[in-house]
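J.: have a look; sequence and predicted model below, questions after that.
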Amino acid sequence: MNTDIQIHKPVPYDVSGIQIATFRKTSDIKSTIKGLVAGKPVLVTAYYSDGLLLLNEVKKHLKKKLPTKTFQEQRAYRAAYHQLSNLILVKIEGHQLSLKKSPSIGWLEKLYPEMDSFVLSFPKVQGLNSAWQWYQNGISVPVLRNKIHPYYGTYFPTRFDHLILFDNWLKRYEGPKKSAIDVGIGSGVLSLQMIKHGFQSVYGTDTNPNAIVGLKESMGDTKLSRKITLDYGSLFGAITHQTELIVFNPPWLPKAHDLDKNDEAIYYPKNLFSDFFKAATDRLVPDGKLAIVFSNMAQITNLTEGHPIEKELAQGGRFQLEKCLKKSVKQASDKTKRIQDWRSSEEVELWILTKK
Ligand SMILES: C[S@@+](CC[C@H](N)C(=O)[O-])C[C@H]1O[C@@H](n2cnc3c(N)ncnc32)[C@H](O)[C@@H]1O
């Protein structure tokens, strides 16, 4: 495995040589916001809650200034909020936030072992804080016995219908279980399911270094670490051998030319599927199976008319359909109205393909 992996983490704010105003509850809000609008950073100095207060004031200020009715307006609002809020800074000393009544965030030590004193923006601290809660408390996944503890910056499932679909298919799978490949392993859920169902070894790849580093850390020296081999790389990475089963839960939405949307776990670039299918033919034994988890989300939200798996089946000449299992997604208790319009028809899909 590539041992020289650089993980993603929030970049410290470079404060050298800049004069920074400070903020606490008693400071003048108007002049603080004026400074932020002028592009000047401000350091929160007393309580963590002062930072939350200032963020709230930034929101109030922007709501008064900017309309948020249309999609474009909402995007402009988010961009303005992003810009101003990231000028609100917090100092970290001895791997702790130097604010009273702050949450204790273990990532500050884990991700910055050699940096004792530095500055981060408040929204980045908030992101680190919620990621620490997920990591520490873990997430119960209905198809797994143990909770998963997603590493900072790694994709993890928040809905489970697709995992249930895959689990039901694995229960009935009667082929050999010597080895499998999990492309885009994320926090490892699909690999753990395969191990649970008797696969002896799984090779997992990911282009996100945090996924690889996180799984390596969580497996440590356990029995699991001898069953799951990790490789930091795109698609099949350094894997050249053939297996009986290749699984892939790819990003479900086509990448638009949109700066908001650069999350590799969610948005797929133009050639991802054709590159995947091409490489998969060489990595699958003659009667092996390809199991791809997908969703109709892009189609029902009109992001695309095409379906990358249907396209492969129609035009690729490499694979044929064994079966496609579908499951309608349970209504999540989502607060976003925008999502609920289409969610009633959302389905997750499990595509099982074999080589032609
Ligand atoms: C939707 S997530 C699924 C993660 C995990 N397999 C699961 O089911 O929870 C997609 C994963 O694929 C990874 N990924 C995206 N493009 C990739 C590529 N070209 N090669 C390998 N992994 C990729 C992402 O970083 C992400 O971890």
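T.: Nice, I can see it.

J.: helices along the chain, start to end?
T.: For the chain, applying DSSP state H gives helices covering 29-37, 48-65, 71-85, 107-110, 122-137, 161-172, 189-196, 209-219, 223-227, 272-283, 297-300, 308-315, 337-343.

J.: mind putting those helices in TSV, distance to W252 included?
T.: C-beta coordinates here come from the backbone N, C-alpha and C atoms, glycine included. Listed next are the helices of the chain as TSV, based on distance: least, CB to CB, whole Å:
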stretch	distance to W252
helix 29-37	36
helix 48-65	30
helix 71-85	20
helix 107-110	27
helix 122-137	21
helix 161-172	10
helix 189-196	15
helix 209-219	17
helix 223-227	27
helix 272-283	11
helix 297-300	5
helix 308-315	10
helix 337-343	13
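
J.: mean pLDDT lowest where, among the ones you listed?
T.: For the helices of the chain, the weakest mean pLDDT is recorded on helix 337-343, namely a mean of 54.

J.: which one of the helices of the chain is the most hemmed in?
T.: Across those, averaging neighbours per residue (mean count of other CB atoms under 10 Å) puts helix 189-196 on top, at a mean of 23.

J.: so what secondary structure elements neighbour it?
T.: Packing contacts for helix 189-196, counted by 3 or more CB pairs under 8 Å, 6 or more residues apart in numbering; DSSP states H and E, involve helix 161-172, strand 179-183, strand 201-206, strand 243-248.

J.: point out the residues in the stretch 51-200 of the chain that sit beside the ligand.
T.: Applying CB under 6 Å from any ligand atom, we find that the stretch 51-200 of the chain lies next to the ligand at Y155, P157, V183, G184, I185, G186, S187, V189, L190.

J.: about what we covered before: I246 is nearest to which of the helices of the chain?
T.: For those, proximity to I246 was assessed by CB to CB; helix 272-283 is nearest, at 5.5 Å.

J.: out of the helices and strands packed on helix 189-196, flag the one nearest V213.
T.: When the helices and strands packed on helix 189-196 are compared by CB to CB, strand 201-206 sits nearest V213, at 9.9 Å.

J.: what does the closest one contact?
T.: The contact list for strand 201-206 (CB atoms under 8 Å, 6 or more residues apart in numbering) reads 178-186, 188, 191, 194-195, 212, 215, 227-237, 239, 243.

J.: same thing but 7 Å
T.: Around strand 201-206, the neighbours that count as contacts under CB atoms under 7 Å, 6 or more residues apart in numbering are 179-186, 188, 191, 194-195, 212, 227-233, 235-237, 239.

J.: and what of stretch 297-304?
T.: Here stretch 297-304 makes contact (CB under 7 Å, 6+ apart) with W252, L253, P254, H307, W342, S345, E346.

J.: dump the residue contacts of the second one.
T.: L253 sits next to I266, Y267, M297, A298, L303 when contact means CB under 7 Å, 6+ apart.

J.: how close does the spatially closest residue to I292 that is not a sequence neighbour get to K289?
T.: Of all residues not flanking I292 in the chain, W351 sits nearest, at 4.5 Å (CB to CB, 6 or more residues apart in numbering). Distance, W351 to K289, by CB to CB, to the nearest Å: 10 Å.

J.: which pLDDT value belongs to the nearest residue to V285 once chain neighbours are set aside?
T.: The shortest distance from V285 to any non-neighbouring residue, by CB to CB, 6+ apart, is to Q242 (4.8 Å). pLDDT recorded at Q242 is 97.

J.: likewise D258?
T.: Per-residue confidence at D258 stands at 55 (pLDDT).

J.: how about D275: what's its closest non-neighbour residue?
T.: The shortest distance from D275 to any non-neighbouring residue, by CB to CB, 6+ apart, is to L235 (6.2 Å).

J.: can you give me the neighbour number for the one you found?
T.: 18 (other CB atoms under 10 Å).

J.: need the contact list for it.
T.: Applying CB under 7 Å, 6+ apart, one finds that L235 lies in contact with V183, T205, D275, F276, A279.

J.: if we go to 10 Å?
T.: 181, 183-184, 205, 207, 248, 272, 275-276, 278-280, 283 (CB atoms under 10 Å, 6 or more residues apart in numbering).

J.: now, which of the residues you listed sits nearest the ligand?
T.: Comparing these against the ligand with CB to the nearest ligand atom places G184 closest, at 2.3 Å.

J.: domain assignment for the chain?
T.: What the record gives for the chain is the domain set 21-135, 161-355, from automatic domain parsing.

J.: so how far is the longest one from its chain's centroid?
T.: Here the centre of domain 161-355 is set off from its chain's centre by 14 Å, with CA atoms, centre = their mean, to the nearest Å.

J.: still on that earlier bit, and the furthest pair within the residues of the stretch 51-200 of the chain next to the ligand?
T.: The largest separation in these, counting by CB to CB, is between P157 and V183 at 16.0 Å.

J.: which of the two has more neighbours?
T.: It is V183, of P157 and V183, that has more neighbours when counted by other CB under 10 Å, with 26 against 18.

J.: which residues does that one bridge with?
T.: Note on V183: beta-bridge partners by DSSP bridges are T205, F248.

J.: measure the spatially most central residue of the chain to A314 for me?
T.: The centre of the chain sits closest to Y155, judged by CA atoms, centre = their mean, with a distance of 2.8 Å. From Y155 across to A314, the span is 29 Å (CB to CB).

J.: V44 now?
T.: As defined by CB to CB, V44 lies at a distance of 56 Å from A314.

J.: still on that earlier bit, which stretch among the helices of the chain comes nearest V11?
T.: helix 122-137 (8.4 Å).
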